[in-house]
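Student: attaching a predicted model along with its sequence, questions to come.
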Amino acid sequence: MDKPVMIKVTPGSALRGEVRSPLLPGDKSISHRAILLGALARGASEIDNLLVAGVTRPLLNALTALGVSWRLDGTRLQVQGRGLGGFSEPAAPLECGNSATTIRLLAGALSAAGVSAVLDGTPGLRRRPMDRIVLPLQKMGVPIQASPNQTAPLVLGHRPPEQPLNGIEYTLPVASAQVKSCLLLAGLGGKETLTIHEPGPSRDHTERMLTSMGALVQVEGNTVRMTPPVDGLAPLSFTVPGDFSAAAFLIVAALITPGSELMLRNIGLNATRTGLLDVLLEMGADIVFSSREQNGEQVGDLRVRYSKLHGAEVSGDLVVRMIDEFPIFAVAAAYANSPTMVRNAEELRYKESDRISSLCQELRRVGVEIEETPDGFRLPGKTPPCGGHAEAHGDHRLAMSLAIAGLASESPLAVSGAEMAYESFPGFIEALRKLGAYVSSNGQALSGNSG
Ligand code: S3P
């Protein structure tokens with residue numbers, strides 16, 4: 001969906017009902033990993049409930065350019081893995097769209113495969129820092145260069161199979177699952193153990209999937225060691241859990257909108273992802289959930305009811321465990337009845353937008369009191385949005401958070417750039433409508449419970 005979309009959310013209706021896949025999409029992080037690891041496996045993988053959206057399309061196109069065949073039937077993906085050395089050299093630069101996960105993980109997989117390629121993306125992606133992967137990959141012996149300001153495009157040279165990559169010991173300067181996963185994927189192109197230390201507990205889906213495929217992965221606190229399997233990776237067969245980061249928008253929607261009660265089914269509840277859940281419970285949220293194991297990940301159902309929230313303090317490891325949820329968390333905090341403070345979250349400045357500055361700017365525009373700090377923000381609480389018009393800054397999570405902010409604002413709230421929701425949650429507007437919200441799009445009324 002490239003056409004500009006402006007949505008207008010009219011407050012006043014409670015959200016009620018149930019959402020599950022495919023309306024609630026498969027997890028973005030697990031989907032990226034499943035596509036790439038499926039391509040690197042020896043043989044055919046089958047992955048159900050894949051996120052089919054703006055962020056995963058470039059990765060599927062990249063597989064085609066690398067000579068890997070795949071078939072998508074709805075959200076069911078079949079990939080014919082070609083093994084670790086099986087990629088063909090792509091004839092043209094691989095376009096990664098706006099997705100930093102795509103470019104960073106793809107760089108790792110291509111490093112393991114040893115093929116030469118150019119990786120590029122949108123002007124937004126070209127602003128994201130790449131030195132964080134380039135430096136450690138170079139230490140491993142990968143012939144890779146970024147542009148002079150350490151951003152995309154990335155240029156990878158050919159590496160002959162008789163030159164395996166070095167197994168290094170490396171400490172990440174910031175906790176980042178994208179960097180950790182890039183290095184773990186690259187490590188498959190070596191014979192030695194790779195050791196990565198992280199300053200915080202970033203999401204561990206790659207470790208879990210590599211283990212299920214036969215790699216030896218040991219985790220001790222924030223250190224991971226991986227020894228590549230001698231006979232390559234076994235294929236995958238599993239169902240991607242619902243995306244907690246997408247569910248987060250609906251969770252906060254129900255918490256701030258009087259009279260709401262929602263049921264969200266089959267949501268990924270991996271503890272490295274659920275920091276927002278912990279904070280919301282501490283803020284007084286009425287959320288009940290249970291979880292079970294499914295293919296090495298925790299998955300569960302959540303029942304969420306409208307709640308009177310109080311503010312919270314967020315810092316340290318909790319920031320890492322809710323790194324994608326700060327825009328929607330700030331919306332919940334605006335409706336809370338006491339102050340909220342976020343510290344140690346400077347990393348938010350390197351996301352799809354500078355999420356500290358764009359979030360504060362747009363929430364202030366619609367009447368929320370919020371103050372930017374160098375590494376976070378603070379809100380006094382008790383200043384829900386009045387309504388008006390806000391802009392998504394090309395950032396899918398900001399677009400969806402601003403729309404949710406309008407569900408209980410004083411007057412309607414319009415968001416331009418709302419097409420960005422298609423990047424990670426294609427059914428966002430449809431899910432809100434199904435639950436009873438009044439949302440119009442580009443002037444066309446799409447009202448509650450009509451769809
Ligand atoms: C992701 C890791 C996080 C997160 C992003 C997805 C991943 O980024 O913000 O949306 O799938 O590994 P960082 O690794 O930069 O923190």
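Tutor: Cool, got the structure.

Student: where does Asn442 land on pLDDT?
Tutor: Asn442 carries a pLDDT value of 83.

Student: which parts of the stretch 101-250 of the chain are helices?
Tutor: 131-140, 177-187, 205-212, 244-256 (DSSP state H, counting those that start in this stretch).

Student: same check, this time on the stretch 301-450 of the chain
Tutor: 317-321, 326-335, 355-365, 396-405, 428-434.

Student: let me have these in JSON lines, adding mean pLDDT, distance to the ligand and mean neighbour count as columns.
Tutor: Heads up, the C-betas are built off the backbone N, CA and C, glycines and all. Below are the helices of the stretch 301-450 of the chain laid out as JSON lines (pLDDT from 0 to 100; distance: least, C-beta to the nearest ligand atom, whole Å; neighbours: other C-beta atoms under 10 Å):
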{"stretch": "helix 317-321", "mean pLDDT": "98", "distance to the ligand": "8", "mean neighbour count": "21"}
{"stretch": "helix 326-335", "mean pLDDT": "98", "distance to the ligand": "10", "mean neighbour count": "27"}
{"stretch": "helix 355-365", "mean pLDDT": "98", "distance to the ligand": "10", "mean neighbour count": "21"}
{"stretch": "helix 396-405", "mean pLDDT": "98", "distance to the ligand": "8", "mean neighbour count": "29"}
{"stretch": "helix 428-434", "mean pLDDT": "97", "distance to the ligand": "16", "mean neighbour count": "22"}
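
Student: would CSV of the ones you listed with distance to Glu46 be doable?
Tutor: Formatted as CSV, those follow (distance: least, C-beta to C-beta, whole Å):
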stretch, distance to Glu46
helix 317-321, 30
helix 326-335, 32
helix 355-365, 35
helix 396-405, 28
helix 428-434, 26
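
Student: got the residues of the protein near the ligand?
Tutor: 29, 32, 101, 176-178, 181, 202-203, 323-324 (C-beta under 6 Å from any ligand atom).

Student: helices or strands next to the helix or strand containing Ala62 in the packing?
Tutor: In this structure, Ala62 is located in helix 57-65 according to DSSP states H and E. Secondary-structure packing of helix 57-65 (3 or more C-beta pairs under 8 Å, 6 or more residues apart in numbering; DSSP states H and E): helix 28-40, strand 70-73, strand 94-95, helix 100-113.

Student: what's the angle from the next helix or strand after the second one to helix 28-40?
Tutor: Heading C-terminal from strand 70-73, the first helix or strand you meet, by DSSP H and E, is strand 76-82. Following axes from the mean of the first three to the mean of the last three C-alpha atoms, to 10 degrees, one obtains 40 degrees for the angle between strand 76-82 and helix 28-40.

Student: who are the packing partners of strand 76-82?
Tutor: Partner elements for strand 76-82 (3+ C-beta pairs under 8 Å, 6+ apart): helix 28-40, strand 42-48, strand 70-73.

Student: switch those over to TSV; also include mean pLDDT and mean neighbour count.
Tutor: Formatted as TSV, these follow (pLDDT from 0 to 100; neighbours: other C-beta atoms under 10 Å):
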stretch	mean pLDDT	mean neighbour count
helix 28-40	98	26
strand 42-48	98	18
strand 70-73	98	12
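
Student: adding distance to Phe428, write these out as TSV.
Tutor: Below are the helices and strands packed on strand 76-82 laid out as TSV (distance: least, C-beta to C-beta, whole Å):
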stretch	distance to Phe428
helix 28-40	13
strand 42-48	21
strand 70-73	21
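
Student: from Gly427, how far out is Leu165?
Tutor: To Gly427, Leu165 is 40 Å away according to C-beta to C-beta, to the nearest Å.

Student: now do Glu169
Tutor: Counting by C-beta to C-beta - Glu169 and Gly427 are separated by 43 Å.

Student: looking at the two, which has the bigger crowd around it?
Tutor: Between Glu169 and Gly427, counting by other C-beta atoms under 10 Å, Gly427 is the more crowded of the two (19 against 12).

Student: my read: the more buried one touches Pro25, true?
Tutor: Yes - between Gly427 and Pro25 a contact is recorded at 6.8 Å, counting by C-beta atoms under 8 Å.

Student: how many neighbours does Ile251 have?
Tutor: 24.

Student: okay, and the beta partners of the closest residue to it other than its chain neighbours?
Tutor: The shortest distance from Ile251 to any non-neighbouring residue, by C-beta to C-beta, 6 or more residues apart in numbering, is to Val304 (5.2 Å). Per DSSP bridges, the residues bridged to Val304 are Leu262, Ile287.

Student: thank you kindly, that will do.
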